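A.B. asks: this is the structure alone, sequence omitted:
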């Protein structure tokens, strides 16, 4: 199953500026693991101690996947957006 | 009732069918709490004051530094070292002396927040940190006061409107607390986000249009793209999960 991941601008420095990355997996977690296998420097940005970094937001087909993002099922053609929290004002 | 001067001052917006004289009177009767007088708080306060919101209370604990002036447009070089709330009061009063302005030079915390927001019709999030945003979110939920979230970094920003008991709140979608650090930002970003927040407040107060409720709007100024994501109320949310 091929899933499309759209990366936040902050994370594109690890993918040579590419926004869209195609990955394989049956859950959001498997897809993100495939992503960091392709781009290992992303691992420390997306995961903290095997869990999803709490500053990374996951949207699946345009909808928030929070909570328990990593165990959410995906199907062929699904789209994941990774977004980074903003805090300033 | 609107005075003759107010009918002239707000003439162009009273001409908008969705506002009219009745909507303008609702704005005059409204009380809005603005949390922060910085990058977001400056333009939010300016546009709410210009629009004729009857009462505005602004809370901020900071003083003005030179590095604030690229984006905090209520504050000018002559104000360096002054309290932001005093500078805000001075400029906003000169812009529209008919508005009842109140200022608080305090840090918002979980002990004083309920008293600060009591009796207000709307709370605007113009904070620069998530610790205080969560305190305001909880207070908004507990007091049943709509909460207008905004945040920025660099050329990027986001907005969402929270109607307690009906829509997702901040804790339904966020769980992290970014470190409080010096963030990069250019002044045009908070102006865009604050303008959307003020638009949402005005629409809510006059009861028109579609709010950004259960909808997170993300603005990417570099790509000049607006993206919208659906957010759902989380029944297990530690702030609003039990709220009906």
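C.D. replies: Structure's in. What do you need? Note that the structure is a prediction, hence the values are computed from the model and not measured.
A.B. asks: run a quick neighbour tally on residue B:114.
C.D. replies: When neighbours are counted by other CB atoms under 10 Å in any protein chain shown, residue B:114 registers 13. Just so you know, the C-beta spots here come from the backbone N, C-alpha and C atoms, and that holds for glycine as well.
A.B. asks: same check on residue B:143?
C.D. replies: 16.
A.B. asks: repeat that for residue B:96.
C.D. replies: Residue B:96, neighbours per other CB under 10 Å, totals 18.
A.B. asks: gap between it and residue B:182?
C.D. replies: Residue B:96 is 33 Å from residue B:182, where distance means CB to CB, to the nearest Å.
A.B. asks: for residue A:22, same thing?
C.D. replies: From residue A:22 to residue B:182 the distance is 36 Å (CB to CB).
A.B. asks: more crowded one of these two?
C.D. replies: Taking neighbours as other CB under 10 Å, residue A:22 and residue B:182 compare with residue A:22 leading, 12 against 8.
A.B. asks: secondary structure element for that one?
C.D. replies: Following DSSP states H and E, one finds residue A:22 within strand A:20-24.
A.B. asks: next one: the residue of chain B found nearest chain A from residue A:54, what distance?
C.D. replies: Of all residues in chain B, residue B:176 sits closest to chain A, at 3.4 Å by CB to the nearest CB. Distance of residue B:176 to residue A:54, given as CB to CB: 3 Å.
A.B. asks: which helix in chain B has the most residues?
C.D. replies: helix B:188-206 (DSSP state H).
A.B. asks: tilt between the helix of greatest length in chain A and strand A:20-24?
C.D. replies: Criterion DSSP H: the longest helix present in chain A is helix A:28-38. With axes from the mean of the first three to the mean of the last three CA atoms, to 10 degrees applied, the angle from helix A:28-38 to strand A:20-24 works out at 110 degrees.
A.B. asks: tell me the buried residues in the helix or strand following helix A:28-38?
C.D. replies: Downstream of helix A:28-38, the first helix or strand assigned by DSSP H and E is helix A:43-46. Under the neighbour-count criterion of 16 or more other CB atoms under 10 Å in any protein chain shown, helix A:43-46 has A:43, A:45, A:46 buried.
A.B. asks: before we move on, what about stretch B:159-170?
C.D. replies: Quick answer for stretch B:159-170 (16+ other CB under 10 Å): B:159, B:160, B:161, B:162, B:163, B:164, B:167, B:168, B:169, B:170.
A.B. asks: wait, the fifth one touches residue B:211, no?
C.D. replies: In other words, residue B:163. Yes. Assessed by CB atoms under 8 Å, residue B:163 is found in contact with residue B:211 at 7.2 Å.
A.B. asks: and the residue in chain A that chain B sits nearest to, how close does it get to residue B:203?
C.D. replies: Taking CB to the nearest CB, chain B has its nearest neighbour within chain A at residue A:54, 3.4 Å off. As judged by CB to CB, residue A:54 and residue B:203 stand 32 Å apart.
A.B. asks: please identify which of the two sits among more neighbours.
C.D. replies: residue B:203 (18 against 13).
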